[in-house]
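Visitor: compute the structure for the input listed below.
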Amino acid sequence: MPEDKKIIGLSWEPKLPSLLFGSNSGSSGKAQTVSETSLVYKSNAELIDGLFVPPNDPKKVNKLLKKQVKDTTGKNWFDMPAPTLTPELKKDLKLLKLRNVIDPKRHYKKGDSKLNTFPKYFQVGTVIEPVSEYFTSRLTKKERKPTLADELLSDKSLKDYRKRKVQEIEAKNQPGGVDKWKIKGKASWKRAKQRRH
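Guide: Down below sits the predicted model:
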């Protein structure tokens, strides 16, 4: 703060280093300063006695309020935030969309057919079983895995079901009888030629 101003009461001004992005290998050699709107603190021109006072202009106030609004579902859904999609979460969401293929005994209502469209708002939690279900439907420590994909891959009954289904599909696509020995196309002519010589 300048020395000529009279200080009334306590005043405080943040002493933060200037934020600069410099490129060591760049051809320009000049450091680019961060735009004033993206800074965490305001410049001295916008501070009054070291404190930020919001502007009186309603357009500027609305602009500031829009920047401060967080991406949530709203008050009716308890302001649930939109999570960041990590590769593990994407994998789990894809598995949830393919859940009707996983279990042959369960049938689900048809949802989104697009595999790569994910919901914007969702939460992931851990199921905690009550004490009464200790022996019936509880997962053991070995069965607990960090992600849904790992749990499904380690499940023995699901592994047997997958193996059986793959064998059925392969048997259906494989030709039967003499046709399985024939190679159609140019390769069959070459093989016939090789057998003659």
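Visitor: from memory Arg138 sits against Val127, does it?
Guide: No: the criterion here is CB atoms under 8 Å, and Arg138 misses it with Val127 at 10.1 Å. Yep, even glycine has a C-beta here, placed from its N, CA and C like the rest.
Visitor: so which of those two has more stuff around it?
Guide: The neighbour comparison of Arg138 against Val127 (other CB atoms under 10 Å) goes to Arg138, with 11 against 5.
Visitor: look up how far Ser137 lies from the closest residue to the more buried one other than its chain neighbours.
Guide: Nearest residue to Arg138, sequence neighbours excluded (CB to CB, 6 or more residues apart in numbering): Glu129, at 5.0 Å. According to CB to CB, to the nearest Å, Glu129 and Ser137 sit 7 Å apart.
Visitor: and the residue nearest to Arg138, what does it touch?
Guide: Glu129 sits next to Ser137, Arg138, Leu139 when contact means CB atoms under 8 Å, 6 or more residues apart in numbering.
Visitor: which one of these is nearest Asp160?
Guide: Leu139 (18.6 Å; CB to CB).
Visitor: for the protein, what spans make up the helices?
Guide: 58-68, 87-97, 99-102, 148-154, 156-173, 186-196 (DSSP state H).
Visitor: would you turn these into TSV with mean neighbour count and distance to Leu51?
Guide: Shown next, in TSV, are the helices of the chain (neighbours: other CB atoms under 10 Å; distance: least, CB to CB, whole Å):
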stretch	mean neighbour count	distance to Leu51
helix 58-68	10	15
helix 87-97	15	41
helix 99-102	13	55
helix 148-154	15	49
helix 156-173	10	61
helix 186-196	9	82
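Visitor: mind checking pLDDT for Lys141?
Guide: Lys141 carries a pLDDT value of 85.
Visitor: typed the wrong thing, it's Pro130
Guide: pLDDT, Pro130: 85.
Visitor: count of neighbours near it?
Guide: Neighbour tally, Pro130, other CB under 10 Å: 7.
Visitor: my read is that Pro104 contacts Tyr161, right?
Guide: Yes: the pair Pro104 / Tyr161 is scored as a contact, 6.3 Å apart, by CB under 8 Å.
Visitor: worst-scoring helix or strand of this structure, pLDDT-wise?
Guide: strand 32-33 (a mean of 45; mean pLDDT, DSSP states H and E).
Visitor: identify the residues contacting Arg119.
Guide: Small correction: residue 119 is Pro, not Arg. Applying CB under 8 Å, 6+ apart, the residues contacting Pro119 are Leu93.
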